[in-house]
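K.L.:
Provided below are the primary sequence and the corresponding predicted coordinates.
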Amino acid sequence: MSPLDRVVTEGAPKPFGHYAQATVTPDGTIHVSAQLPVGGAALPESAVPVQARQVLSNLLSIVEAAGGANDSVAKVTLYVTEIADWEAVDRVFGEAFGDHRPARAVVQVAGLHHGFQVAGDAVAWRIHEQQEAGAT
């Protein structure tokens, strides 16, 4: 039996493969799998800010389902296909987190699944019991 709680929420896309939306370690650390901008109005041809908003929305929905909150996010890694999109992604990141400033990396990659231009993963910590059932 795994010492990790597996997070499952309808507030973000179901995994496309053999992985969990997130896992929570016994000490309450939440590790969120990389999220594509799936859901909402984002499509592969959507503008980068639209994709970035959806990625962050997916990440934060999973963090909340795991018992965390916006201000319990410790680190975010964003993956972009064009580093020239850094400014647009940074603006959306600031909107999503407000005064909270988690550690962050922005990494240019050659490509992302389904032709998207932005993806991201996160590490946070659990500050309260899970919001919805689904952890195993």
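P.N.:
Happy to help now that I have it.
K.L.:
contacting residues for the residue lying closest to residue 35 once chain neighbours are set aside?
P.N.:
Distances taken as CB to CB, 6 or more residues apart in numbering put residue 58 closest to residue 35, at 4.1 Å, once the chain neighbours are dropped. Placement of C-beta: from N, CA and C, glycine included. Neighbouring residues of residue 58 by CB atoms under 8 Å, 6 or more residues apart in numbering: 11-13, 35-39.
K.L.:
what helix or strand does residue 58 sit in?
P.N.:
helix 48-65 (DSSP states H and E).
K.L.:
how about that helix: buried residues?
P.N.:
By neighbour count with 16 or more other CB atoms under 10 Å, helix 48-65 contains the buried residues 48, 50-65.
K.L.:
do stretch 69-80 as well
P.N.:
Buried residues in stretch 69-80, counted by 16+ other CB under 10 Å: 69, 72-73, 76, 78-80.
K.L.:
now the strands for this protein?
P.N.:
Secondary structure of the chain (DSSP state E): strands located at 5-7, 22-24, 29-35, 73-80, 103-108, 118-125.
K.L.:
so how far is stretch 93-106 from its chain's centroid?
P.N.:
Centroid separation between stretch 93-106 and its chain, computed with CA atoms, centre = their mean, to the nearest Å, is 12 Å.
K.L.:
Same question for stretch 70-79.
P.N.:
8 Å.
K.L.:
low-scoring pLDDT stretches of the protein, where are they?
P.N.:
Scanning the chain for pLDDT under 70 picks out 1-2, 129-136.
K.L.:
Surely residue 117 is in contact with residue 83?
P.N.:
No. Checked against CB atoms under 8 Å, the pair residue 117 and residue 83 is beyond contact range at 11.3 Å.
K.L.:
Which one of those two is surrounded by more residues?
P.N.:
Using other CB atoms under 10 Å as the criterion, residue 117 and residue 83 rank with residue 117 on top: 24 against 11.
K.L.:
out of everything not next to it in sequence, what's closest to that one?
P.N.:
Per CB to CB, 6+ apart, closest to residue 117 is residue 81, 4.7 Å.
K.L.:
again with residue 15
P.N.:
residue 21 (6.2 Å).
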